[in-house]
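Engineer: Structure of the sequence below:
(3 chains)
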Amino acid sequence: MDLSMLWYLVPSVVMLACGIYGFVTRKNLIAILISLELMLNSADLNFIVFNRFLFPGSMDGMVFTLFAIAIAAAETAIAIALIINIYRAIGNTDITEINKMKF
Amino acid sequence: MDITLPILILAIPITMFLVLGIGGVKMSKKMAGILGIIGMGTTATIAYTVAITYFFSGDANFIIDGVRQQYQVFDFTWLSFTDTLVVKLGFLLDPISAMMLVVITTISFMVHLYSWGYMEGEQGFQRYYAFLSLFSFSMLGLVVATNIFQMYIFWELVGVSSYLLIGFYYKLPSAVSASKKAFIVTRFADLGFLIGILLLSFYTDTFNFMDLTSNPERVLASTGGASFMGASVLTWAMVLIFTGGMGKSAMMPLHIWLPDAMEGPTPVSALIHAATMVVAGVYLVARMFPVYCVVDAAMTFICCVGAITAFYAAVVACAQIDIKRILAFSTISQIAFMMVSLGVAYDKPIEGVHYSGLGYMAGMFHLFTHAMFKALLFLGAGALIHAVHSNNYTAMGGLRKYMPITHWTFLIGCLAIAGIWPFAGFFSKDEMLAAMFARHWFWGAWMTMVAGLTAFYMFRMYFLVFWWEENPHYKEHKPHDAPWQMSVPLLFLAAVSCVCGWALPFGELVTWNGEPYHIHIEWVKVAIPSILTACVAIALAYVMYHKKNDLPTKVKNFWPTLWTAANRRFYWDEIYMFITHKIIFNIICKSIAWFDRHVIDATMDGFAKITQKASYAIRGMQAGTIQAYVAWYLAGAVALAAITWICLI
Amino acid sequence: MDSVGNIIVYFVVAIVMVVFSFKAVTTGKILRAATYLLFVLLGTAVFYFQLGYQFLGAVQIAVYAGGIMVLFVFAILLTHRPDDSSGRIGSHRRQIGLTLSGVSAVLLLLALFYMPVLNGVSLAESLQAGNEITMHEIGEVFTGSGRFQYLLPFEAISVLLLACIIGGVTVARKN
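Structural biologist: Here you go, the predicted model:
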């Protein structure tokens, strides 16, 4: 039995699908952010898998993943700062209540 | 000739306009007035210098073997549309433009000075001076135009300045409607002018006056005998160009704006609507004179229009109450006189008598003298209005004791316009009548009759204003002579009206082909009859009006319908109202309005409604819920992926 | 032929990742969701190790599982009481979410199974085909400006992170 690309891509697809589901259904901003991280993680995994199996001689996939992780960190930090600010303003982190331009 | 002075003639007024127009609100009235007067005075000095240089320096550019030349001081390209269609701006010096420079700057300077007293305390004093400068600039640009397109541009500019100045009292509804009327009527006429210009330049490939007039046979040949509706294209072009002149010079049937234009301040009437702008039509015909000479039909048309207008306006002037209206109709009549004079001029000697282009010289001479004495009369009327605060002679009467300066200057103006020797009008009118008699005895007789009417209505006004009976209101409000700013121009113009007829060798200076013409007065055939006619008319006016009696009422009741018709200007305004309101507005405009409202607007409304409905339907998608956006985005991405995949398989 | 150990590790990790992914998006308690996400991230790190990217695995654990998760936990503790549980998900929302995720998952899986190239190479072969990635190489990739070298993005990322620090502070600061 060989561990081929497919084996690694299936969990990635599952992660992506779970991420989409969570992103669309959850109301809590932090839960949405968690779903987002899931989707991002699945994309990272894809980069690595394609790099390893299709272009084993190069390391571009890995570099992209490193960049993605760095950007994810930045994005999360900003998002969490925003969430905390929103929490201060309206007292919770429910996305259904944040649909006005200014409050 | 150096181009500095000619450029300054145009540059100073436009600079004054900009300075007074932009900076006027910041400066005091006195300052604005003095600036305007100094500016115009400088321009006048320069214009005199240029004119004197042109006439008397003997420079080879200006005169060769005693024949005066046309000389383009400069002519630079302004717009070049194609190789042949090039619009230039330039400065043309020839006898008539040099003469017009003198006329315009003189009258304009007098009016600037006079307005300082007349407009004192008016709101918008600075604006008034700015507009006066704009007008002076436009009029000067018009007369020195080197090509017909430049003339058209300045033609429109004088129209605009006239519009602005007629509507100077923009809070008065009558002034507003008068300015609109003037603008629309002249604009309408200018449409004809423009079409004429296009026709002419299409066939001749040039706008330049010197090219057009130096060889009129070439112009005639270049149309190649093309004709339209039974008349040759050149005839159409020249008649259409004359239409523009009819509009500006208030010839029938486009005269209706000029009497209403008297709503503007009186000095403006003197400058624009008596002395300068309204003679632009005459000037235009004079400018194109050699071309008109080869188009007999257009010349006949000019003659007929002029003759009818002159008589009509003279009759109407006999039955007006408002003194400015009398003067306005008198202006129309006198301009028509000049038109007829140009119309009867021709360049062939007849039966050995050297009448060649006599009418041209006479028309220009009359333009000059008329500008002086009509400006004098208008400024005198302004002084009267200033004194009694009414335009109607019913509020005046017996004023000779109260306003001696105005009285004497006004009398000189009346004598000049009536054509009494030795005042200016006699000489120019005599030459015009001589030219008309030379063409055909009918023109001469007809215009002599008009001249008699002129003398009658002018002295009717003179006697009603200065004699008749003292108005009882004088006890409460004693009229007095105007301040020096107003008296000086009156005295100056009166002096000019006295002397310029016999002291000025006009025939030596201005003729159609530049060759000097020695004026000699034909006492027996022309001068004596015309003086006699004028004297009879004055005597009649004296009998009827010199002191209060019931003779005028009797005459009026002799045929009241005629009097009313003349008083109402033979219902021309009513006819225009009928045509515009009843026919054009009701039939054409209403259907257009219906189409606009129910078809064009409705289509647009339909688009708007569809857009509105659609946006109401889809606005839920833009509710600010991020997850909905993501859901839609994903759905789109999935759909795209699916489609791509299906296509690949 | 891959070693049995590798296959066992794969299965354990894959099952953990799938299960905890599900749990992370379905659990009502937000702190638990964060914890489940942590497991998923750790599982991914194990995959990275297994695929021969030791440095990346270490970064995943350090930055993601370490740094970002700590941020999450902080945020959660700042904005929720520990026993908070989010409200039930409306059936309408659930339907939309299920449809979207289901459709995209099905589409992707179909695509996966139709692609022959995906089954061509085994892990062992590909590991042998590529050289081991040394720290020296990684350092060169990030500091060179030649082909397949990423100095400029690296610098851009550093600026981005700086901006992010300042932005985070500015946004979250009490005024």
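Engineer: Could you verify my assumption that B:Phe456 touches B:Cys318?
Structural biologist: Yes. Using CB atoms under 8 Å, B:Phe456 is in contact with B:Cys318, at 6.5 Å. In this view, the C-beta of every residue, glycine as well, is placed from N, C-alpha and C.
Engineer: Give the other helices and strands that the helix or strand hosting B:Val73 contacts.
Structural biologist: Following DSSP states H and E, the helix or strand that holds B:Val73 is strand B:71-80. Using 3 or more CB pairs under 8 Å, 6 or more residues apart in numbering or on different chains; DSSP states H and E as the contact test, the elements touching strand B:71-80 are helix B:4-23, strand B:86-93.
Engineer: For the first one, which residues meet the burial criterion?
Structural biologist: Buried residues in helix B:4-23, counted by 16 or more other CB atoms under 10 Å in any protein chain shown: B:5-6, B:8-10, B:12-14, B:16-17, B:19-21.
Engineer: picking that back up, B:Phe456 and B:Cys318: who's more crowded?
Structural biologist: B:Phe456 (24 against 19; other CB atoms under 10 Å in any protein chain shown).
Engineer: since we're on the closest residue to the more buried one other than its chain neighbours, how many residues are nearby?
Structural biologist: Leaving aside its sequence neighbours, B:Phe456 sits nearest to B:Ala537 (CB to CB, 6 or more residues apart in numbering or on different chains; 3.9 Å). B:Ala537 has 22 neighbours, counted by other CB under 10 Å.
Engineer: in whichever strand or helix holds B:Ala537, what's buried?
Structural biologist: Using DSSP H and E, B:Ala537 maps to helix B:528-545. By 16+ other CB under 10 Å, the buried positions in helix B:528-545 come out as B:Pro529, B:Ser530, B:Ile531, B:Thr533, B:Ala534, B:Ala537, B:Ile538, B:Ala541, B:Met544, B:Tyr545.
Engineer: swap in stretch B:492-503?
Structural biologist: Buried residues in stretch B:492-503 (16+ other CB under 10 Å): B:Phe492, B:Leu493, B:Ala494, B:Val496, B:Ser497, B:Cys498, B:Cys500, B:Gly501.
Engineer: give me every residue that touches B:Arg400.
Structural biologist: B:Arg400 makes contacts with B:His407, B:Phe466, B:Trp467, as judged by CB atoms under 8 Å, 6 or more residues apart in numbering or on different chains.
Engineer: So which of these is the closest to C:His92?
Structural biologist: B:Phe466 (99.7 Å; CB to CB).
Engineer: picking that back up, other residues contacting the strand holding B:Val73?
Structural biologist: Contacts of strand B:71-80 (CB under 8 Å, 6+ apart): B:1, B:3, B:6-7, B:54, B:61-62, B:86-94, B:146-147, B:210.
Engineer: Now, of those, which are buried?
Structural biologist: B:1, B:6, B:54, B:62, B:86, B:88-94, B:146-147, B:210.
Engineer: Name the nearest of the residues you listed relative to chain C.
Structural biologist: B:Val86 (57.5 Å; CB to the nearest CB).
Engineer: how far out from the middle of the chain is the strand or helix carrying B:Ala381?
Structural biologist: Applying DSSP H and E as the criterion places B:Ala381 in helix B:358-388. On the basis of CA atoms, centre = their mean, to the nearest Å, helix B:358-388 sits 13 Å off its chain's mean C-alpha point.
Engineer: Stretch B:522-539 now?
Structural biologist: Centre-to-centre, stretch B:522-539 and its host chain are 30 Å apart (CA atoms, centre = their mean).
Engineer: send the alpha carbons of that stretch over as PDB?
Structural biologist: Extracted in PDB, the C-alpha atoms of stretch B:522-539 (Å, rounded to 0.1, in the frame of the first residue of the first chain):
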ATOM      1  CA  GLU B 522     -26.200 121.400 -55.100                       C
ATOM      2  CA  TRP B 523     -28.200 124.200 -53.700                       C
ATOM      3  CA  VAL B 524     -30.900 124.400 -56.300                       C
ATOM      4  CA  LYS B 525     -31.700 120.800 -57.000                       C
ATOM      5  CA  VAL B 526     -31.200 119.300 -53.500                       C
ATOM      6  CA  ALA B 527     -30.300 121.600 -50.700                       C
ATOM      7  CA  ILE B 528     -32.900 124.400 -51.000                       C
ATOM      8  CA  PRO B 529     -35.900 122.000 -51.400                       C
ATOM      9  CA  SER B 530     -34.700 119.900 -48.400                       C
ATOM     10  CA  ILE B 531     -34.200 123.000 -46.200                       C
ATOM     11  CA  LEU B 532     -37.500 124.400 -47.300                       C
ATOM     12  CA  THR B 533     -39.200 121.100 -46.400                       C
ATOM     13  CA  ALA B 534     -37.500 121.100 -43.000                       C
ATOM     14  CA  CYS B 535     -38.500 124.700 -42.400                       C
ATOM     15  CA  VAL B 536     -42.100 124.000 -43.200                       C
ATOM     16  CA  ALA B 537     -42.000 121.000 -40.900                       C
ATOM     17  CA  ILE B 538     -40.500 123.100 -38.100                       C
ATOM     18  CA  ALA B 539     -43.000 125.900 -38.700                       C
END
